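Peer 1: just the structure for this:
(one chain, ligands or ions: 1)
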Amino acid sequence: MNETTAPAGTDPLGAPVVRLEGRAKVTGTARYAAEHTQPDRACARPVGATVARGRVTALHRDEALAVPGVIAVLGHDNAPRLRRGDDATLHLLQDDRVPHRGWYVALVVAETPEAAREGAAAVRVEYAEEPHDVILTADHPGLYTPEKANGGHPALREHGDFPAAYEAAQVRVDATYTLGALHNHPMEPHASTAWWQDGRLTAYDSSQGSTAVRDALAALFGLPEDRVAVVSEHVGGGFGSKGTPRPPVVLAALAALHTGRPVTCALPRRHLPAVTGHRAPTVQRVRIGAGRDGRIGALAHEVATHTSTVREFVEQAAVPSRVMYTSPSSRTLHRVAALDVPSPSWMRAPGETPGMYALESAMDELAVATGLDPVELRLRNDPAAEPDSGLPFSSRHLAECLREGADRFGWQPRDPRPATRRQGDLLLGTGVAAATYPVLIAPSRATAFAAPDGGYEVRVNATDIGTGARTVLAQIAAHALRVPLERVRLELGDSRLPAAPVAGGSSGTASWGSAVHKACSQLCERLEEHGGRLPPEGMSVTADTEQETARGSRYARHAFGATFAEVAVDTVTGEVRLRRLLGVYAAGRILNPRTARSQFIGGMTMGAGMALCEGSTTDPRFGDFAEPDLASYHVATCADVPGVEAYWLDEADEHLNPMGGKGVGEIGIVGTAAAVGNAVHHATGVRLRELPLTPDRLLPRLERAGLRPSAVAA
Ligand code: MOS
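Peer 2: All right, here's what the predicted structure looks like:
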């Protein structure tokens, strides 16, 4: 098969088309935000606060200004004024308040990145320091129940009588899981190049959605939207951290306004944890009451998490427990404390990733307590309708994912007894966990143009953050236009194109694709009305999906999956090695198997990192994250994930969108950490209930369990 396109005469939608921009990326001609150098461009380097809470009392610029090449030092006392926007994390250099360590208190503008860096190091800041509070605990006095958790979900939902049903249950599990912060760390750190011309602001920004960046800049600088243009042509990943406008684009615009020159602000990686969001830490108590047959009668999932004092952000980790299992009596609750910490934000499968780690670990504990096979336990609690809402599922094939995964993985025969499979000093085990992620969609616009030369131009301000969005949108267009892929030219990544929502929430393909599909279908109809004859100037149709998306759905719409893991635990070193990871997903129609597989495997790999090596420590004294770079914050590398396999079911669901897909960007991470943790329990009998599963945590437990070889245990 020709890999760059679909075979002649076949539907381009569903074909394993290679990324349209692949060649540009591997040959280095694809340009990223910091590479859009303008003539006379200056470079800006922000300076972060070195205290966790307080006020700036003095900003000493002289030494910085004396560095050769330094042009200006901006602070709250001289930076151009911003209007208040919706997002207080963007209200930069406007006042003297320091809400967390790393909050930007100055910005050095220089001729070169090197001079900016040297200048930033020479800025001296004096503070009136205040006592700070940065450590989340389950009983933190600042915890309160917000009205809503993220995604508009009510913070609290209750059904039946949880306490009574739990007390009456034959088998009870009561476990608390503790997760630290996690960091997104995309390959391309956040960066922006901005300039002003004739009262217009133009920015190249590394963002997951430049329409939202355009709107934010217009609000902050008090400009009509048509005087701001934001381009995000190529983006080196985001994982949620570029899902909302971030400081670099505001700082670059401020510096450009102040100096009258184009300015690039490219963040050093070490700044990212403090200013581009993080996955909030959670303490999650899960209680499950079940019969001896494993049928759940009572389920409580209670989450404590943190936000910053800058804005409220409530990781919706208990929400998946409203979706997953039959539970006549239930209680799902989120509480949050506003601490003097960096503002948490979106990170791949926010809510579901930490929440399903807790729920799926607790399900494994219930399997052990009831003596049931973990796959069978989940099958017994597969609900006919969504437990919390009572809505029917548009499609739910979790059971099929579990069965097919078990077959492919070779789950049976499985001796459930822990710590019995030895291979020298290694202990082996297998684990399973389910996954879910909601089907989300937002309104989008798109234009389809039939060009006089016989080609079609499709315009939509979608963002391709490395997922293959460009490619799959061209496939959707070719499908709707009923033409070969080669006839479609796709334009995205520019806020001057028809407005479109963010590449986030696994909703991009559904949101942008619905608008592209609508515009292309209507263009076909218009062409037919003209008897197939194209006017000399071509023909254009713009579609808007505002109405369709506002309607909502009478169905509970979620993707599901099952993840299986095999681990080997070294009883001498306490190291956990992943041997195999296998996922089976039900995510509607798969629109491009090549790029979808890459998303599933990428998500699973990120989940493996969360399980085994990604660890972030909040420093109680200084109030920041102790592992801010990739030398100290360890993400999974190729050697950590020897065998990762992703499969999917052919799932037909007519209640989604014209393409029939559910979104694939996030579900791969969701079940992975629990599957690995459950495999470690099966291997060793040790249940850590915290991540990552590093030797310092595992060794003492192996020793206590008498599992270390006696020669080293002494
Ligand atoms: Mo993703 S965390 O929804 O950008």
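
Peer 1: Ala358 contacts Ala317, doesn't it?
Peer 2: Yes. In this structure Ala358 lies within contact range of Ala317 using CB atoms under 8 Å: 7.0 Å. For every residue, glycine as well, the C-beta is placed using N, CA and C.

Peer 1: indicate whether stretch 598-607 makes contact with the ligand.
Peer 2: No. If you take CB under 6 Å from any ligand atom as the test, stretch 598-607 misses the ligand, and the best it gets is 10.7 Å.

Peer 1: and that stretch, how far from the chain's centre?
Peer 2: Averaging C-alpha positions (CA atoms, centre = their mean, to the nearest Å) puts stretch 598-607 12 Å from its chain's average.

Peer 1: list residues touching both of Ala358 and Ala317?
Peer 2: By the contact definition CB atoms under 8 Å, 6 or more residues apart in numbering, Ala358 and Ala317 are jointly contacted by 282, 284, 301.

Peer 1: just these now: which is nearest the ligand?
Peer 2: Thr282 (15.4 Å; CB to the nearest ligand atom).

Peer 1: how many neighbours does the closest one have?
Peer 2: Using other CB atoms under 10 Å, Thr282 is surrounded by 26 other residues.

Peer 1: what's the spacing between it and His301?
Peer 2: 11 Å (CB to CB, to the nearest Å).

Peer 1: overlap in contacts, those two.
Peer 2: 317, 355, 358.

Peer 1: please list all residues in contact with the last one.
Peer 2: Meaning Ala358. Here Ala358 is in contact with 175, 177, 282, 284, 286, 301, 317 (CB under 8 Å, 6+ apart).

Peer 1: does it count as helix, strand or coil?
Peer 2: The three-state assignment at Ala358 reads helix, by DSSP: H, G, I helix; E, B strand; the rest coil.

Peer 1: for the longest helix seen in the chain, which positions count as buried?
Peer 2: Criterion DSSP state H: the longest helix present in the chain is helix 508-529. In terms of neighbour count (16 or more other CB atoms under 10 Å), helix 508-529 has its buried residues at 508-521, 523-524, 527.

Peer 1: stretch 159-170 too?
Peer 2: Those would be 159, 162, 165-166, 169, for stretch 159-170 by 16+ other CB under 10 Å.

Peer 1: can you put the shared contacts of Ala358 and Ala317 in JSON lines and add pLDDT?
Peer 2: Compiled in JSON lines, these are given as follows (pLDDT from 0 to 100):
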{"residue": "Thr282", "pLDDT": "98"}
{"residue": "Gln284", "pLDDT": "98"}
{"residue": "His301", "pLDDT": "99"}
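
Peer 1: got a markdown table for the residues you listed, with distance to Cys638 and secondary structure too?
Peer 2: Below are the shared contacts of Ala358 and Ala317 laid out as a markdown table (distance: CB to CB, whole Å; DSSP: H, G, I helix; E, B strand; the rest coil):
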| residue | distance to Cys638 | secondary structure |
| --- | --- | --- |
| Thr282 | 29 | strand |
| Gln284 | 31 | strand |
| His301 | 35 | strand |
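
Peer 1: export those residues to TSV and tack on distance to the ligand?
Peer 2: Output for those, formatted as TSV (distance: CB to the nearest ligand atom, whole Å):
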residue	distance to the ligand
Thr282	15
Gln284	19
His301	21
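
Peer 1: which of those residues sits closest to Leu485?
Peer 2: Ranked by distance to Leu485 (CB to CB), the shared contacts of Ala358 and Ala317 are led by Thr282 at 43.6 Å.

Peer 1: now do the contacts for that closest one.
Peer 2: 177-179, 303-305, 315, 317, 354-355, 358.

Peer 1: do you know how far Ala304 is from Ile476?
Peer 2: 42 Å.

Peer 1: no, scratch that, I was asking about Val635
Peer 2: Taking CB to CB, one finds Val635 at 32 Å from Ile476.

Peer 1: what of Leu179?
Peer 2: 37 Å.

Peer 1: so where do the helices sit in the stretch 301-450 of the chain?
Peer 2: Secondary structure of the stretch 301-450 of the chain (DSSP state H, counting those that start in this stretch): helices at 352-370, 374-380, 398-409.

Peer 1: any bit of the first one sitting next to the ligand?
Peer 2: Right, helix 352-370. No. Applying CB under 6 Å from any ligand atom, one finds helix 352-370 separated from the ligand by no less than 8.9 Å.

Peer 1: pull the CA atoms of that helix into CSV?
Peer 2: Taking Å, rounded to 0.1, in the frame of the first residue of the first chain, the C-alpha atoms of helix 352-370 are listed here in CSV:
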residue,chain,number,x,y,z
GLU,A,352,-9.3,10.3,34.9
THR,A,353,-5.5,9.6,35.2
PRO,A,354,-5.2,10.0,38.9
GLY,A,355,-8.7,9.0,39.6
MET,A,356,-8.5,5.7,37.7
TYR,A,357,-5.2,5.0,39.4
ALA,A,358,-7.0,5.0,42.7
LEU,A,359,-10.2,3.3,41.6
GLU,A,360,-8.5,0.6,39.6
SER,A,361,-6.0,-0.1,42.4
ALA,A,362,-8.9,-0.4,44.8
MET,A,363,-10.7,-2.8,42.4
ASP,A,364,-7.5,-5.0,42.5
GLU,A,365,-7.6,-4.9,46.3
LEU,A,366,-11.3,-6.0,46.1
ALA,A,367,-10.3,-8.8,43.7
VAL,A,368,-7.8,-10.0,46.3
ALA,A,369,-10.3,-9.6,49.1
THR,A,370,-13.0,-11.6,47.3
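
Peer 1: and Leu179 and Ile476? Which one has more around it.
Peer 2: Neighbour tally, Leu179 and Ile476, criterion other CB under 10 Å: the higher count belongs to Ile476, 29 against 26.

Peer 1: is the more buried one in contact with Ala519, as I believe?
Peer 2: No. Ile476 lies out of contact with Ala519 (CB under 8 Å); the separation is 10.3 Å.

Peer 1: what's the domain layout of the chain?
Peer 2: Per automatic domain parsing, the domain ranges recorded for the chain read 22-30+441-550, 393-439+557-714.
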